[in-house]
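**Student:** Here is my input; please provide its structure:
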Amino acid sequence: MIGNHLLQHRELSATAIGVAAYIQSLPDGAPVGIRALTERFPEGEARIGSALRELERHGYLERRTERLPTGRVATRTYSYNKPATTSGGPPPPPDREPVSDPEPDPDPKPDPDPDPDPDPDPDRDRDREPVPTPEADPSPGPGPGPGPGSGPEPERGPSPAPEPDPAPEPRQLHPGAADLLAGLRRYDPRLLLAERDVQRLAPGVSTWLDRGADPEAVGLALTANLPEPMRSPASVLAYRLTALLPPRLPQAPAARPVRRPDPFQTCDGCERAFRAPHPGRCRDCPPEACEAA
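**Tutor:** Here you go, the predicted structure:
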């Protein structure tokens, strides 16, 4: 049912009244843009667009720019039976569920008590010197007995052996050093190294990489102008790793951020796509203030 407030509107044109009546007869979700209406009616895009702007100006239509879940920006049109219903927003889609607040995390478990002190080192008491115990002289003497300090000197236990020095920690090699040496065969088939040669030359390559050398540059420096004939490839690489070692290279400057173009927007007047930082009208459509005047 269509009310007389629309069919007998004093300020709407016949085209606007007809377009509004047609839009209200469509189901929810039907396309009601300028292109869809132009394909349905013989009027051109100019008259259809003018009719839609009349209905929007009097509150029968409302066009909103919304962002779809895919990231694309589209214009959605809402039709109202009475202009008074435009004060409230459209109902939410039926498939959208209210978002509930996340439940708070349970209280974290307290950290376990630290382990008690370990048992004392049994070797600690072994390293201590034994307490000397005086021994009685077995031979009888004329006096009442031996005086203090007259007995034999007690024997001392063996001195503990000195602890060996801890072994030095192995050097942490660059993770790409061994792979770089194994891949030199791509430059020259003669550089197919044995596993022991790779392990022996990996510290030298790691030094190059730690100083900021590019892996590709290291490979070119080791494989350029190889001698003919080459009887020991590992010896040639070992000499070049030492003789051609570069100094510490400065870090490359940070790359400047690339400015991305403005996203595509849909014009509120003609529904054409154009690039702009914010939704609105394209430069070919007049501003809304001019149309209202």
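**Student:** Could you use CA atoms for every contact and neighbour count after this?
**Tutor:** Fine.
**Student:** Next, count neighbours for residue 188.
**Tutor:** Neighbour count for residue 188, taken as other CA atoms under 10 Å: 12.
**Student:** do the same with residue 288
**Tutor:** 13.
**Student:** got it, and residue 6?
**Tutor:** Neighbours of residue 6 (other CA under 10 Å): 20.
**Student:** before we move on, what about residue 265?
**Tutor:** For residue 265, the neighbour count with other CA under 10 Å is 23.
**Student:** One more: residue 242?
**Tutor:** That count, for residue 242 with other CA under 10 Å as the rule, works out to 13.
**Student:** pretty sure it belongs to a helix, no?
**Tutor:** Yes. The assignment for residue 242 by DSSP: H, G, I helix; E, B strand; the rest coil puts it in a helix.
**Student:** secondary structure class for residue 76?
**Tutor:** Under three-state DSSP, the three-state class of residue 76 is strand.
**Student:** Could you measure from it over to residue 30?
**Tutor:** To residue 30, residue 76 is 11 Å away according to CA to CA, to the nearest Å.
**Student:** ok, these two, which is more surrounded?
**Tutor:** residue 76 (15 against 10).
**Student:** which residues does that one contact?
**Tutor:** 63-66 (CA atoms under 8 Å, 6 or more residues apart in numbering).
**Student:** Drop anything exposed from those.
**Tutor:** residue 65 (16 or more other CA atoms under 10 Å).
**Student:** can you tell me the average pLDDT over stretch 279-293?
**Tutor:** Per-residue pLDDT over stretch 279-293 has a mean of 73.
**Student:** buried set for stretch 226-233?
**Tutor:** The neighbour-count check on stretch 226-233 (16+ other CA under 10 Å) flags residue 233 as buried.
**Student:** what's in contact with that stretch?
**Tutor:** Contacts of stretch 226-233 (CA under 8 Å, 6+ apart): 190-191, 193.
**Student:** biggest helix in the chain by residues?
**Tutor:** helix 195-210 (DSSP state H).
**Student:** mind listing what's buried in that helix?
**Tutor:** Buried residues in helix 195-210 (16+ other CA under 10 Å): 197-198, 201-209.
**Student:** cool, and stretch 51-69?
**Tutor:** 51-56, 59-62, 65.
**Student:** would you turn these into TSV with distance to residue 238?
**Tutor:** As requested, the buried residues of stretch 51-69 are exported to TSV (distance: CA to CA, whole Å):
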residue	distance to residue 238
51	84
52	81
53	81
54	84
55	84
56	81
59	84
60	84
61	80
62	77
65	67
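**Student:** Let's see which of these end up in helices.
**Tutor:** Judged by DSSP H, helices contain the following of those: 51-56.
**Student:** for those, which one is nearest residue 285?
**Tutor:** Distance to residue 285, by CA to CA, is smallest for residue 53 among these, at 12.7 Å.
**Student:** Compute the distance between that closest one and residue 279, please.
**Tutor:** Residue 53 sits at a distance of 17 Å from residue 279 (criterion: CA to CA).
**Student:** what do you get for residue 31?
**Tutor:** From residue 31 to residue 279 the distance is 20 Å (CA to CA).
**Student:** Equivalent analysis for residue 82, please.
**Tutor:** 27 Å.
**Student:** Could you do residue 240 as well?
**Tutor:** Here residue 240 is placed at a distance of 62 Å from residue 279 (CA to CA).
**Student:** more crowded one of these two?
**Tutor:** Between residue 240 and residue 279, counted using other CA under 10 Å, the more crowded position is residue 279 (20 against 14).
**Student:** That one belongs to a helix?
**Tutor:** No. Counting by three-state DSSP, residue 279 is not found in a helix; it is coil.
**Student:** so what's the nearest residue to it once chain neighbours are set aside scoring on pLDDT?
**Tutor:** Spatial nearest neighbour of residue 279, chain neighbours left out: residue 265 (5.6 Å); criterion: CA to CA, 6 or more residues apart in numbering. Looking at residue 265, its pLDDT reads 86.
**Student:** tell me the phi and psi of residue 265?
**Tutor:** Residue 265 has phi and psi values of phi -120, psi 160 when expressed as degrees, to the nearest 10.
**Student:** list the contacts for it?
**Tutor:** Residue 265 neighbours (CA under 8 Å, 6+ apart): 73-74, 273-276, 278-280.
**Student:** any idea how far residue 8 is from the closest residue to residue 203 other than its chain neighbours?
**Tutor:** Counting by CA to CA, 6+ apart, residue 203 lies nearest to residue 173, which is 6.3 Å off, once chain neighbours are set aside. Distance, residue 173 to residue 8, using CA to CA: 87 Å.
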